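A.B. asks: show me the folded form of this:
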Amino acid sequence: MARPRQQTDDELLDRVAAGLSSPSWSLNDAARLAGVHAATLIKRFGSRQGVLAALSRRWIAHLPDAPQGEGGLVELRVWVDRAAATPADRETAVAGVAMLMEDLKDAELSRLLAIGWAKQVGYLAALIAQARDVDDLRRAPAPNVAAQLLLDVQLGTTVRAAAHPFPRAAVDRHALLTQLIEGWK
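C.D. replies: The predicted structure follows:
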């Protein structure tokens, strides 16, 4: 008789995601972070790539499909607050960009990134459309274009931050996103 699972896949993925800080991590590193043997991760996810794909699918599942709560400009500002965290140090910023590049090299992970980014654009476009409908963002470009601009600022500043020894001093993602939105009022 098989032993019952002590931890759910989501619990394992939570622990792995919270501890990943290097693009060169191994299944043994991930298992140590999750508090299990590497064989457990192999049984659940198949491989290192399987862990990455599971993390990506979970990220997509947690992205909102439509406005939540207040919607419009209020919810757009909440998104900025969540999306605007700039890494504190260059090592963390570079590791984030390196992990992104690793994902982009893999066809499946790249496909999942595209799905997640498209879902984010749809969500942001819905918020912008709501804000335009009540004249909160009357000067905003078409909602889909405005949403892509916001996401591209978020992603682009990630790369730019990695080039500086003190990313937070060089890149104020929150200010950039906020100024862009304020310019659309």
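A.B. asks: which outside residues touch the lowest-mean-pLDDT helix or strand in the chain?
C.D. replies: When the helices and strands of the chain are scored by mean pLDDT, DSSP states H and E, helix 167-170 comes last with a mean of 89. Taking contacts as Cβ atoms under 8 Å, 6 or more residues apart in numbering, the residues outside helix 167-170 that touch it are 86-90, 92-93, 160-161, 163-164. C-beta: built from backbone N, CA, C; applies to glycine.
A.B. asks: what does stretch 116-127 give?
C.D. replies: Against stretch 116-127 from outside (Cβ under 8 Å, 6+ apart): 56, 59-60, 63-67, 71-73, 75-76, 79, 143-144, 146-148, 150-151.
A.B. asks: go again using 6 Å as the cut-off
C.D. replies: For stretch 116-127, the external contacting residues (Cβ atoms under 6 Å, 6 or more residues apart in numbering) are 59-60, 63-64, 66-67, 75-76, 143-144, 147-148, 150-151.
A.B. asks: continuing past the least confident helix or strand of the chain, what's the next helix or strand?
C.D. replies: helix 173-182 (DSSP states H and E).
A.B. asks: which of the residues in that next one are buried?
C.D. replies: Buried positions in helix 173-182, judged by neighbour count with 16 or more other Cβ atoms under 10 Å: 173, 176-177, 181.
A.B. asks: next: stretch 96-107.
C.D. replies: Using 16+ other Cβ under 10 Å as the test for burial, stretch 96-107 gives 96-97, 99-100, 103.
A.B. asks: repeat that for stretch 34-51.
C.D. replies: Quick answer for stretch 34-51 (16+ other Cβ under 10 Å): 34, 36, 38, 40-41, 44-45, 48, 51.
A.B. asks: stretch 64-73 now?
C.D. replies: 64, 67, 71-73.
A.B. asks: what mean pLDDT does it get?
C.D. replies: Mean per-residue pLDDT for stretch 64-73: 92.
A.B. asks: from the buried residues of stretch 96-107, which has minimum pLDDT?
C.D. replies: Gly96 (89).
A.B. asks: after the helix or strand harbouring that residue, which helix or strand is next?
C.D. replies: In this assignment (DSSP H and E), Gly96 forms part of helix 90-105. Sequence order places helix 107-133 as the next helix or strand after helix 90-105, per DSSP H and E.
A.B. asks: let me see the mean pLDDT of that next one.
C.D. replies: Helix 107-133 comes out at a mean pLDDT of 98.
A.B. asks: from the contact counts, what lies against the following helix or strand past that helix?
C.D. replies: Tracing the chain past helix 107-133, the next element assigned as helix or strand by DSSP H and E is helix 143-162. Under the contact criterion of 3 or more Cβ pairs under 6 Å, 6 or more residues apart in numbering; DSSP states H and E, helix 143-162 touches helix 90-105, helix 107-133, helix 173-182.
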